[in-house]
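# Starting from these lines, generate the structure:
(one chain, ligands or ions: 1)
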Amino acid sequence: MSAAVELFSTRFANPVLLAAGTCGFGEPVIDVMPPRAVGGIVTKSVTVEPRRGHPAPRVAEYAEGMLNSVGLANPGVDAVRAGKLPWMKRNLGGLPAFVSVAGARAGEYAHVVGALDGEDGFLGFELNLSCPNDSHLGGRPFCLDPDALREVLDLVRPLTERTLLVKLAPNDPDIAATAALAVAAGADGITAINTMPGFLPGALNGASLGAGRGGTSGPGLLPVGVATVREIAGAVDVPVIGVGGILTGRDARAYLGVGASLVQVGTASFADPRCAARVARELEFGT
Ligand SMILES: Cc1cc2nc3c(=O)[nH]c(=O)nc-3n(C[C@H](O)[C@H](O)[C@H](O)COP(=O)(O)O)c2cc1C
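A predicted model of the protein is given here:
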């Protein structure tokens, strides 16, 4: 089951990738395993300017998962171009890698893609469209605003011939329609899903974030992610990448069974940095 996957004119050694924001630029991978133990990686989301992120604490666990308010902390596009991409090229042995891109305005996505497209060391971009949009509808995420989503793709698509993934959010009343819109505007694939907006008062489980609210991830997100992938796969004819709550091969199989071509492992890598490799083995040999 977990044999190599040919997709986007690329060979993925297995269908299990590391999710954006949970593996940096691949540094934790080479610390603990050969890069080819996973199918690929998605980098931390890259913005135009360096971002320090939100105040601590940035993560809080609860029984079914985790809340995080990391806040897109990243070194900014210039440092990624000068340092991170050359490092990835030197150290990841050609592992398929997507650079995740984020911004507060549509033009910022174009800036990051335009600045990185001419460089080596990665396969494509994953547009994180779950970020608040500063110029439309009072900060509503891009992917929940069809005009803003189209605006990003209209700007970015002409800038690159690389694979362009669009990552959607779970709190979308019609995620299949949003995915179809993204594909019509030029997306080569859809990644679903990002974290779910969440809040827990400090009195509950001791979970309280420096930024107040956060994104919910981990096992509790599994049925939400599988349901959205099922809807999206029925609505578009491009590959769908499933992410949310994967801990085991059986979880990954749930996504593949409803139409995902690849999956990503996020939160589970914090407890066990080799989790994605184990999930790939379990897919192949059964659990
Ligand atoms: C600490 C943390 C940081 C994250 N940072 C990003 C990010 O920079 N860009 C992005 O698109 N998603 C980010 N995500 C979302 C994950 O990529 C993934 O979509 C989500 O956590 C659901 O998968 P999981 O349940 O396996 O963690 C982050 C998640 C966590 C937990």
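
# Would you mind listing what in this protein touches the ligand?
Contact residues (CB under 6 Å from any ligand atom) of the chain with the ligand: 19-22, 44-45, 66, 68, 70, 72, 100, 128, 167, 194-195, 217-218, 221, 243-246, 265-268. Heads up, the C-betas are built off the backbone N, CA and C, glycines and all.

# Take those residues and keep only those in strands.
Within the residues of the chain next to the ligand, residues falling in strands by DSSP state E are 66, 68, 100, 128, 167, 217, 243, 265.

# In PyMOL, select just the buried ones from those residues.
In PyMOL, this line selects whichever of these come out buried by 16 or more other CB atoms under 10 Å:
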select buried, resi 66+68+100+128+167+217+243+265
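
# Using pLDDT, spot the least trustworthy of the ones in strands among the residues of the chain next to the ligand.
Least confident of these in the model: N68, at 84.

# hang on, isn't it packed against P197?
No. If you go by CB atoms under 8 Å, N68 and P197 don't touch, sitting 11.5 Å apart.

# which neighbours do the two share?
Among the neighbours of N68, those also in contact with P197 (CB atoms under 8 Å, 6 or more residues apart in numbering) are 214-215.

# and the ones in strands among the residues of the chain next to the ligand as CSV, adding distance to V59?
Below are those laid out as CSV (distance: CB to CB, whole Å):
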residue, distance to V59
M66, 6
N68, 5
S100, 18
N128, 18
K167, 20
S217, 9
V243, 18
V265, 16
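
# Go through the ones in strands among the residues of the chain next to the ligand and say which is closest to G94.
For these, the closest approach to G94 (CB to CB) belongs to S100, at 19.1 Å.

# For the closest one, give me its contacts.
Residues near S100 by CB under 8 Å, 6+ apart: 20-21, 42-46, 125-128, 167.

# what about 10 Å?
19-21, 41-46, 72, 74, 112, 125-128, 165, 167, 191 (CB atoms under 10 Å, 6 or more residues apart in numbering).

# buried stuff in the helix or strand where E282 lies?
For E282, the host element (DSSP states H and E) is helix 275-285. Residues 275-283 are the ones in helix 275-285 that count as buried (16+ other CB under 10 Å).

# Stretch 251-260 - what's its average pLDDT?
So the average pLDDT for stretch 251-260 ends up being 98.

# how about it: buried residues?
Residues of stretch 251-260 classed as buried: 251-256, 258-260 (neighbour count, 16+ other CB under 10 Å).

# now the strands for the stretch 151-287 of the chain?
For the stretch 151-287 of the chain, the strands defined by DSSP state E, counting those that start in this stretch occupy 163-168, 189-192, 196-198, 214-217, 240-243, 262-265.

# Over to the residue nearest to the spatial centre of the chain: give its phi and psi.
Centroid-nearest residue in the chain, with CA atoms, centre = their mean: A20, separated by 3.9 Å. The phi/psi pair for A20 (degrees, to the nearest 10) reads phi -50, psi 140.

# pLDDT below threshold where in the stretch 151-287 of the chain?
For the stretch 151-287 of the chain, applying pLDDT under 70 flags the ranges 202-208, 211, 287.

# Would you point out which residue of it is nearest the ligand?
Minimum separation of the stretch 151-287 of the chain from the ligand (CB to the nearest ligand atom) falls at G266, amounting to 2.6 Å.

# swap in the chain?
Taking CB to the nearest ligand atom, the ligand has its nearest neighbour within the chain at G21, 1.8 Å off.

# pretty sure the residue of the stretch 151-287 of the chain closest to the ligand is touching L221, no?
Yes. G266 lies in contact with L221 (CB atoms under 10 Å); the separation is 9.0 Å.

# where do the contact lists of the two overlap?
66, 194-195, 243-246.
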